[in-house]
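J.: the following comprises the amino acid sequence and a computationally predicted model.
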Amino acid sequence: EGQDAEDFELIPDGDDAQPDGASEDTVSLTLRRENSIRRSQRNGSVRLRRNISIKKSANADEPQKGQKLIEKETMETGQVKLAVFLQHLRAMGWGYSAMVFLIYFIQTAAFIGQNLWLSDWTSDSVEYYNMTYPSWKRDTRVGVFGALGVAQ
C-alpha cells in the first residue's frame, strides 16, 4: 500500500504536467521528477533493509538441525553411543558409508601386508648370505611390495 502512494508521487499532478509560463521550465520539472524518484527509491531501500534485518533476527533464534546435533553431542560425556555412529552413517548415506569402510579396510590390510612382506624380505639376507640373490625372487619381492603400496 505504501508503494502505491510512492507511485502516485512519481506521476505529476495536472498542474505540474506543463511548465506554467516562464517561472517553470522543462529542466526544473525534470529535476523535481528525478528528486521524487530518488526519494521513493531511498524509502523503498530503507524499508527493504528493515524487512531483511527483521527476518534475520527472527531466524537467529532458531538453531539449525546441524547445530542441534552438535549441541547434543557436546553435552554427552564418556563413550560415544552406537546411536550416534548410526546417526552419522545415516546422514552420510549407507552406500557411501559402506564404500568408505571398504576402502579403509583395504588400505589397512595393504599396510599390514606391506609391513609383513618387508619383514619377510629382510629375512632373505640370512638365507642368501654370500650368494647371488635370484632375479626372479627380487622381481617378485619388488612387484608385490609395489602392488601393496598402490593398494594403500
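T.: Ah, there it is. Residues are numbered from 1 along each chain as shown.
J.: where does the chain dip in pLDDT?
T.: Applying pLDDT under 70 to the chain picks out residues 1-24, 45-46, 51, 53-77.
J.: which stretches in it count as helices?
T.: Secondary structure of the chain by DSSP state H: the helices cover 2-10, 26-60, 65-75, 82-92, 94-127, 135-151.
J.: mean neighbour count added to those helices, as JSON lines?
T.: C-betas here are computed from N, CA, C, even on glycine. Below are the helices of the chain laid out as JSON lines (neighbours: other C-beta atoms under 10 Å):
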{"stretch": "helix 2-10", "mean neighbour count": "11"}
{"stretch": "helix 26-60", "mean neighbour count": "11"}
{"stretch": "helix 65-75", "mean neighbour count": "10"}
{"stretch": "helix 82-92", "mean neighbour count": "12"}
{"stretch": "helix 94-127", "mean neighbour count": "12"}
{"stretch": "helix 135-151", "mean neighbour count": "12"}
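J.: endpoints of stretch 124-132, how far apart?
T.: End-to-end distance of stretch 124-132 (C-alpha to C-alpha, to the nearest Å): 11 Å.
J.: show residues contacting that stretch.
T.: Tyr133, Pro134, Lys137, Arg141 (C-beta atoms under 8 Å, 6 or more residues apart in numbering).
J.: noted, bye for now.
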